[in-house]
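Student: model the following, please.
(2 chains)
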Amino acid sequence: MRGDWNFWFYLSMHRECNERLLARAGRMEWAELELSQQKEDIRIKRMADEVSGEVHRMKAFVRLSSLGSGALYGYLKPRHKIGETVCDHFARRNQGMMVLLGNGRESWMSYCRVGRIWREKGNGLGEGLERLKSALQIEDCRHNDAVPDNLDAEGIWQAYYDSQYCPERKNLALYRRHMPRRYQEAAGLRLVQNKMNATLEDFLSKG
Amino acid sequence: MRLVHSSMVTMQKMALLAMECRFDSLGLGAAEKAAGAKFSGAGEVEHEAASIEAAGHAPGGSPVEWMAGAVDKRKLAILGEGTRHDVCASTFSPRSRPLPGICHAFTQDGRCISLFKTLYTNLCSHQCGYCGNSAGCKSKSRGFSYTPEELARITLSLYRGNYIEGLFLSSGAGRDEERITERMIDTIRLLRQKHSFSGYIHLKILPGSSESHIHEAMMLADRVSINLEAASASHMSEICSTKSYESDILQRQRYIRRFMTKIMSEEGISILPAGQTTQMVVGAGSESDEEIFRRAVFEYGEIGVKRTYYSAFSPQRGTVLEERHAQPLWRERRLYQMDWLYRVYGFGKDEIRCAFDDNGFLNNSDPKQAIARDCLDLPLDPNTASYPQLLRVPGIGPKSAVRVLAWRKRQPIGSKKELAALGVQIKRASPFLKINGWIDGTLEMWQA
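Tutor: Below you'll find the predicted structure:
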């Protein structure tokens, strides 16, 4: 049982959440909700679980690319209103770097420094990237030879990923259960079996 | 704290702040410094006799070329393959705020990838019959090795791109395990101190490493581990002729435990937040499951390992044990279930012994079911059973047992439907439960 789990926070990010549900959830403890057999409580529980699951998967599946040495960006098209939460997570993880996540319609930007977070919501990843490039004075984000960590991370990852597969343990059903297609799509993740080469344009044309 | 300004101001402010501290997390000072640093590239060793030092240098590879992405994919693949059979993928470390493990991908065998698991080098002087990198392996691939700088860069790059949560660094012993251990420690020191890397690090201690190196590694890593590989010294001699079970492995595990205790008592500092673990190859030697269980109990009790991992043996081409049959994966799974019963459910050693057959092996069935059939004399009433008693019923785990206890404080449990709503697996549990005086057990179900 998740005793200190802030289910209200996750519920509030559900796309179908309304004030009545939030008010009802606000009057309950998680332990109480978990044992309740009432239809509405079961729905609240399911909704909070759905959002928590999506947040968790997006923290795992979103891939970030470097934009110069001061910013990271990635594709994110979630089903629920979790963009800001996920973006904050990456900003905390990469303190001192701007993090931009988004899709064709909306985007989120966070910056974390010494525990303090700045945020901004935008109208799309393409627009956000353009503004970010001009703010950081970057001419072309694909040509940053001076950037010390400008490695081909995607290529390195693919070579490493392929090396980890044990054919004698093949279990595609388990693989599909752990990596549902809808989450891979929400994170803009190329299906890991395919070795296509995505470019910045791929991200920009999505959504 | 959330600040709301006009968007352009916020963006510019963020950009300025980011540009101010863009090298903080890299700790390099400036990109110019990085470009001038002496990075060596993707190297390989043609012959085992070649020194490890030579392995890191790419002929003609300039630092800028290396940084621009010229990482040898073949080396990545071969050194990555060397860790395929290391099972541990945990990234749980109370060093920072405890978070549930994040799995960044899954392989097509369903296993989680959360760490960059790699060997430092695949050169090895040990003669392990189960290992494709051992000195005696006839179809061994070419020798490769990273340099500390190269490995640190790759790890940082993958971490920043959110491909991994951290590094799992193992290695062949090379010609001198002390030298290789030194280079492995150099790698994690670079990550932690030079690049301020805050991700997770799991370092494999090589058999025979010195006490001082082990201490140094423990100060930098989240978790260290040394693989037992076999359940006893005699079984170890069946699969490896060059490692001493007592001095190369058990003694090193004791160093780790002793040093953790010493630092805690003398300086009040808790090091190695994720503790030490170990792993056994199941079925490479002739040990029974009961012998493996006895060793695991020893490891939890005497050595204080956090987890024991089990990896089912599969023969590697060109090795001494090539002709031996692969172990069925269910054996590994049943050992994990048994381990879970001991470690999480709090089953006693004597209870678990009921699950072994006369030869000391587990059958391909749930060990908890077998133990329940042997040890539960009468069906339990979920309204009166204690927490440990509920845990002994198949189909009831720690979560559902807690829910049952919480529910019955409000109202008695009167039906199987209620139990099912609390997360109990009714089909498995009902033969062992008595609800409202009604027993659902039949001879067939007890034997299921």
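Student: need the pLDDT of residue 99.
Tutor: By default, I'm working from chain A. If you check A:Val99, the pLDDT there is 96.
Student: to clarify, I was referring to chain B.
Tutor: So B:Leu99 comes in at 59 (pLDDT).
Student: ditto for the one 10 residues further on
Tutor: Among the per-residue scores, B:Asp109 holds a pLDDT of 85.
Student: and the strands in chain A?
Tutor: A:65-67, A:71-75, A:98-102, A:107-113, A:116-122 (DSSP state E).
Student: what is the burial count for the residue in chain B positioned nearest to chain A?
Tutor: Here chain B gets closest to chain A at one residue, B:Gly110, 2.8 Å apart by Cβ to the nearest Cβ. All C-beta spots, glycine's among them, are computed from the backbone N, C-alpha and C. Neighbours of B:Gly110 under the rule other Cβ atoms under 10 Å in any protein chain shown: 17.
Student: burial count for the nearest residue to it once chain neighbours are set aside?
Tutor: Among residues not flanking B:Gly110 along the chain, A:Leu174 sits closest, at 2.8 Å (Cβ to Cβ, 6 or more residues apart in numbering or on different chains). Other residues near A:Leu174 come to 16 when the count uses other Cβ under 10 Å.
Student: do the one 5 residues further on as well
Tutor: Around A:Met179 there are 21 other residues, counting by other Cβ under 10 Å.
Student: surely it meets B:Phe106?
Tutor: Yes. With contact defined as Cβ atoms under 8 Å, A:Met179 counts as touching B:Phe106 (5.1 Å).
Student: so which residues of the stretch 101-250 of chain B form strands?
Tutor: B:105-106, B:112-113, B:115-119, B:143-144, B:166-170, B:200-204, B:223-225 (DSSP state E, counting those that start in this stretch).
Student: swap that for the stretch 251-400 of chain B, sorry
Tutor: Along the stretch 251-400 of chain B, counting by DSSP E, counting those that start in this stretch, strands occupy B:276-282, B:307-312.
Student: and these: which comes nearest B:Ile292?
Tutor: Of all the strands of the stretch 251-400 of chain B, strand B:276-282 sits nearest to B:Ile292, with 6.1 Å by Cβ to Cβ.
Student: can that closest one be said to contact chain A?
Tutor: No. Shown here: strand B:276-282 not in contact with chain A (Cβ under 8 Å from any Cβ of the partner chain), separated by at least 13.5 Å.
Student: how distant is that strand from the center of its chain?
Tutor: 8 Å (Cα atoms, centre = their mean, to the nearest Å).
Student: shaky segments in chain B?
Tutor: B:1-10, B:13, B:16-69, B:93-100, B:438-448 (pLDDT under 70).
Student: please repeat the previous calculation with a cut-off of 80.
Tutor: Low-confidence segments of chain B (pLDDT under 80): B:1-70, B:87-101, B:436-448.
Student: now swap in chain A and tell me
Tutor: Applying pLDDT under 80 to chain A flags residues A:1-5, A:137-151, A:189-207.
Student: okay, buried residues for stretch B:399-411 please.
Tutor: Residues of stretch B:399-411 classed as buried by neighbour count (16 or more other Cβ atoms under 10 Å in any protein chain shown): B:Ser400, B:Ala401, B:Val402, B:Arg403, B:Val404, B:Trp407, B:Arg408.
Student: let me fix that, I meant to ask about stretch B:229-247.
Tutor: So stretch B:229-247, judged by 16+ other Cβ under 10 Å, has buried residues B:Glu229, B:Ala230, B:Ala231, B:Ser232, B:His235, B:Met236, B:Ile239, B:Cys240, B:Thr242, B:Lys243, B:Tyr245.
Student: now render the strands of the stretch 251-400 of chain B as TSV, adding mean neighbour count.
Tutor: Formatted as TSV, those follow (neighbours: other Cβ atoms under 10 Å in any protein chain shown):
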stretch	mean neighbour count
strand B:276-282	23
strand B:307-312	22
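Student: closest one to B:Asn359 among the ones you listed?
Tutor: Closest approach to B:Asn359 among the strands of the stretch 251-400 of chain B is made by strand B:276-282 (15.2 Å; Cβ to Cβ).
Student: which elements pack onto the closest one?
Tutor: Packing partners of strand B:276-282 (3 or more Cβ pairs under 8 Å, 6 or more residues apart in numbering or on different chains; DSSP states H and E): strand B:223-225, helix B:251-267, helix B:289-298, strand B:307-312, helix B:329-343.
Student: residues contacting residue 110?
Tutor: Answering for chain A, as no chain was given. A:Glu84, A:Cys87, A:Asp88, A:Phe90, A:Ala91, A:Met98, A:Val99, A:Ile117, A:Trp118, A:Arg119, A:Glu120 (Cβ atoms under 8 Å, 6 or more residues apart in numbering or on different chains).
Student: chain B is the one I meant
Tutor: A:Arg169, A:Asn171, A:Leu172, A:Ala173, A:Leu174, A:Tyr175, A:Arg177, A:His178.
Student: for these, which one is nearest chain B?
Tutor: Taking Cβ to the nearest Cβ as the measure, chain B sits nearest to A:Leu174 out of those, at 2.8 Å.
Student: what's near enough to touch that closest one?
Tutor: Listed by Cβ under 8 Å, 6+ apart, the contact set of A:Leu174 reads B:Phe106, B:Asp109, B:Gly110.
Student: can you tell if stretch A:79-88 touches chain B?
Tutor: No. Stretch A:79-88 does not reach chain B (Cβ under 8 Å from any Cβ); its nearest approach is 9.3 Å.
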